[in-house]
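Undergrad: need coordinates for the below:
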Amino acid sequence: MFLIVAKYLIPKGYRGMAVFPFVFLKYNQDKENPVFVNHEKIHLRQQLELLVLPFYVFYVLEYIIRLIQYKNKDLAYRNISFEREAYTNETDSDYLKNRSFFGFLNYLTLKEK
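TA: Numbers count the residues shown, from 1 in each chain. Predicted coordinates for the structure are as follows:
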């Protein structure tokens, strides 16, 4: 993993973006943020499992489905299975050591409360 500060590459409203094998950051201080870095590492693992390009196809398709479902871009983004897995486990520094292969599939369906 390579952490690169490139604030102009990051879309407005976001702090970082994982593009295997790089993590692009908007702010230099995020290099020292273990929760943020772990979130992006989870995305790198997801990308590796899906051989990178299919990850992005799946990500965009799921975003479109969630956008139709929620009619709200922020809710759609937060409910993409890849994001749900990363946000749920970003504070667990051991998550990637114990994560099952294709772990994001556990977050594909929304569970009713």
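
Undergrad: other residues contacting the helix or strand that contains residue 46?
TA: Per DSSP states H and E: residue 46 is located in helix 34-49. Contacts with helix 34-49, where a contact means Cβ atoms under 8 Å, 6 or more residues apart in numbering, come from 1, 3, 15-21, 23, 30-31, 55, 82, 85-87, 89-93, 95-96, 99, 101-102, 104. In this view, the C-beta of every residue, glycine as well, is placed from N, C-alpha and C.

Undergrad: again, 6 Å this time
TA: With Cβ atoms under 6 Å, 6 or more residues apart in numbering as the test, helix 34-49 has contacts from 16, 18, 20, 23, 30, 55, 82, 86, 90-91, 96, 102, 104.

Undergrad: just the buried ones from these?
TA: Buried members of those, scored by 16 or more other Cβ atoms under 10 Å, are 16, 18, 20, 23, 30, 55, 82, 86, 90, 104.

Undergrad: quick check: the farthest pair among these?
TA: Farthest pair in the buried ones among the contacts of helix 34-49 (Cβ to Cβ) is 30 and 104. Separation: 22.6 Å.

Undergrad: tell me the one of the buried ones among the contacts of helix 34-49 nearest residue 62?
TA: Closest to residue 62 out of the buried ones among the contacts of helix 34-49 is residue 82 (7.7 Å), distances taken as Cβ to Cβ.
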